[in-house]
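[1] Below are the sequence and a predicted model for it; my questions follow.
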Amino acid sequence: MSTLEIRDLHVEVETESGPKEILRGVDLTVNSNETHAIMGPNGSGKSTLAYSIAGHPKYTVTRGEVLLDGENVLEMAVDERARAGLFLAMQYPVEVPGVSMSNFLRSAATATRGEAPKVRHWVKEVKTAMTDLEIDPSFAERSVNEGFSGGEKKRHEVLQLALLKPKFAVLDETDSGLDVDALRVVSKGVNDYKAQSDVGVLLITHYTRILRYIAPDRVHVFVNGRVAESGGPELAEELEANGYERFTTAKEEQPA
């Protein structure tokens, strides 16, 4: 069993007025075969957590650790984190003009697996994954995300998940911008990978609708750069019914 453990994580970003602390001591542990949902209002630091785990240079870790099976990934380069088994599905996937999806995917798989996939097996693997995600085969020769709709970009992110086979997947608002049909397909892709692997999932979202398709084992409310409360799936139901007011009010009432 693998474990992703976040210990007392503090992260800041540089602003025009100087450094601003976004994460203020995050503690969270995700094990293999577990799905943890992180929910919180805008500006609470959810995406900062995702990008800090992945190693985005915009974010500076000032304290804490992120341990993957006991190894501190914060000491690793971004590509080393991917090879160690971390995967980030981005909220806003970037376009890469001039690089075809097929070349990108095979290069990424070669980098993370340590060797190039056998061509015959790889072609079958990609074709099966694309069919499962209802991605038109012609997309394989298109530039990465260029001219893709929001739903197509998110399907491509989950396609990477299925082919790169990480130990832990951080899904940053994968449901944003998706209609009901696309949400169903993307969620099925995540669930299919979960069913065939021991992947641990950290699912970041504003809303409970994706949790109707991807059932969480634990739900964490994220407010003001830290986990304000943790619970089971019933916590998501409370948020659906009552919003975040109970948690944001408590934050505002804390003594300075």
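    Nice, thanks for sending it over. Bear in mind the structure is a predicted one, so any value in this text is a computation, not a measurement. Residues are numbered from 1 along each chain as shown.
[2] so who does residue 148 touch?
    93, 95, 139, 142, 156 (CB atoms under 8 Å, 6 or more residues apart in numbering). Where C-beta positions appear, they are placed from N, C-alpha and C, glycine not excepted.
[3] What distance do you get for residue 232 to residue 31?
    Distance, residue 232 to residue 31, by CB to CB, to the nearest Å: 15 Å.
[4] More neighbours: those two, which one.
    Using other CB atoms under 10 Å as the criterion, residue 232 and residue 31 rank with residue 31 on top: 15 against 11.
[5] How many neighbouring residues does the nearest residue to that one once chain neighbours are set aside have?
    In space, residue 31 comes closest to residue 3 once its chain neighbours are excluded; the distance is 5.4 Å by CB to CB, 6 or more residues apart in numbering. Residues near residue 3, counting by other CB under 10 Å, number 16.
[6] got a list of what residue 3 touches?
    29-32, 67-70.
[7] how about a cut-off of 10 Å?
    29-32, 34, 67-70, 167-168, 200 (CB atoms under 10 Å, 6 or more residues apart in numbering).
[8] Please check those and keep the buried ones.
    For the contacts of residue 3, a burial check counting by 16 or more other CB atoms under 10 Å picks out 30, 34, 68, 167-168, 200.
[9] So which of the residues you listed belong to strands?
    Mapping those onto strands (DSSP state E) picks out 30, 68, 168, 200.
[10] ok, so of those residues, who is nearest residue 206?
    residue 30 (19.7 Å; CB to CB).
[11] Show me what that closest one bridges to in the sheet.
    residue 4 (DSSP bridges).
[12] how near is it to residue 185?
    Applying CB to CB to residue 30 and residue 185 gives a distance of 25 Å.
[13] With residue 238 instead?
    On the measure of CB to CB, residue 238 and residue 185 end up 28 Å apart.
[14] Comparing these two, which residue is more hemmed in?
    Taking other CB under 10 Å, residue 238 and residue 185 do not tie; residue 185 has more neighbours (19 against 15).
[15] show me the residues around the more buried one that make contact.
    Contacts of residue 185 by CB under 10 Å, 6+ apart are 132-135, 151, 154-155, 158, 178, 213.
[16] hmm, which of those residues are the buried ones?
    132-133, 135, 151, 154-155, 158, 178.
[17] just checking, which of these belong to helices?
    Secondary structure from DSSP state H places 132, 151, 154-155, 158 of the buried ones among the contacts of residue 185 in helices.
[18] what about residue 52, how many neighbours?
    Neighbour tally, residue 52, other CB under 10 Å: 25.
[19] Assign it to helix, strand or coil.
    Following DSSP: H, G, I helix; E, B strand; the rest coil, residue 52 is assigned to helix.
[20] related to what we said a few turns ago, select only the buried ones of the contacts of residue 148 in ChimeraX?
    Listed next is the ChimeraX selection for buried residues among the contacts of residue 148, using 16+ other CB under 10 Å:
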select :93,139,142,156
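[21] Ends of stretch 81-99, what's the gap?
    Stretch 81-99 has an end-to-end distance of 23 Å (criterion: CA to CA, to the nearest Å).
[22] Mind listing what's buried along it?
    81-82, 84-91, 93.
[23] Now for the nearest residue in space to residue 239 that is not next to it in sequence: which residues touch it?
    Residue nearest to residue 239 in three dimensions, not counting chain neighbours: residue 39, with 5.8 Å by CB to CB, 6+ apart. Applying CB under 10 Å, 6+ apart to residue 39 gives the contacts 46, 203-208, 211, 216, 219-223, 235-236, 239-240, 244, 247.
[24] what ranges do the helices span in the stretch 1-150 of the chain?
    For the stretch 1-150 of the chain, applying DSSP state H, counting those that start in this stretch gives helices covering 46-54, 78-84, 101-113, 119-132, 150-164.
[25] could you dump those helices to TSV with distance to residue 20 and mean pLDDT?
    As requested, the helices of the stretch 1-150 of the chain are arranged in TSV below (distance: least, CB to CB, whole Å; pLDDT from 0 to 100):
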stretch	distance to residue 20	mean pLDDT
helix 46-54	10	96
helix 78-84	23	95
helix 101-113	33	93
helix 119-132	40	92
helix 150-164	28	92
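[26] Thanks a lot, catch you later.
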